[in-house]
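Enquirer: Quick check, what structure comes out for this input:
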Amino acid sequence: MTKVDFYNVECTVSDPSYVYFDTCIIKAVNRTYKYFTMIAKFPRRQPVDNISMTFALLRRANGYKPFLYNFTVDCCKYMKKRNNPVINYFHSWFEKYSTINRTCPYAAHDEVVDKLPVSHINRMTTEILPVPQGQYVFHTSWYFYNTKIAIVKLFVQIM
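Expert: The predicted structure follows:
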């Protein structure tokens, strides 16, 4: 039986006037329950209506190399229509556990991914779309007005 495990997370910011991370952790409650939580704060008072995100699935093989997916999404456009099946699949990974589920503009408040359990990611990556064993990084780069503002990397191992 294939199993997914979180083993690291990195949240970095290039411009804290747009966003900063209050929390970005993986917490192991016990041997069977581990989750990811991220709280991104937007101190900016002006609403942002031009947001894009680059997603890459990287697999470790003499360094991390692109594997299967590497795409850019106009987040505002996607949230209005939600008509892309690949993006819908990846959005379903965290949609139930997140406040990142509405249309633009985004203003001064928190965006949260709260207690995303490894068991949910396990189901999404082993039952729905099987992925080979190995170490992976879910790498996202976030852009406001085409300027990179943050990078979130979630490291997982599929055993």
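
Enquirer: for stretch 37-48, how far is the first residue from the last?
Expert: 23 Å (C-alpha to C-alpha, to the nearest Å).

Enquirer: So what's the gap between it and the chain middle?
Expert: Relative to the centre of its chain, stretch 37-48 is centred 15 Å away, using C-alpha atoms, centre = their mean, to the nearest Å.

Enquirer: got the buried residues for that stretch?
Expert: Residues of stretch 37-48 classed as buried by neighbour count (16 or more other C-beta atoms under 10 Å): 37-42, 48. The way it works is simple: take the backbone N, C-alpha and C, and place the C-beta from them, glycine included.

Enquirer: State the mean pLDDT of that stretch.
Expert: Mean pLDDT, stretch 37-48: 86.

Enquirer: So what touches that stretch?
Expert: For stretch 37-48, the external contacting residues (C-beta atoms under 8 Å, 6 or more residues apart in numbering) are 9, 11, 16-25, 27, 104-116, 144-145, 150, 152.

Enquirer: Tell me how many other residues surround Cys75.
Expert: 22 (other C-beta atoms under 10 Å).

Enquirer: wait, isn't it in contact with Thr103?
Expert: No. Using C-beta atoms under 8 Å, Cys75 is not in contact with Thr103, being 9.3 Å away.

Enquirer: Asn30 - that's part of a helix, no?
Expert: No. Asn30: not assigned to a helix; according to DSSP: H, G, I helix; E, B strand; the rest coil it is coil.

Enquirer: Quick one: neighbours of it, just the number.
Expert: By other C-beta under 10 Å, 6 other residues sit near Asn30.

Enquirer: what about it, distance to Tyr97?
Expert: For Asn30, the distance to Tyr97 equals 19 Å [C-beta to C-beta, to the nearest Å].
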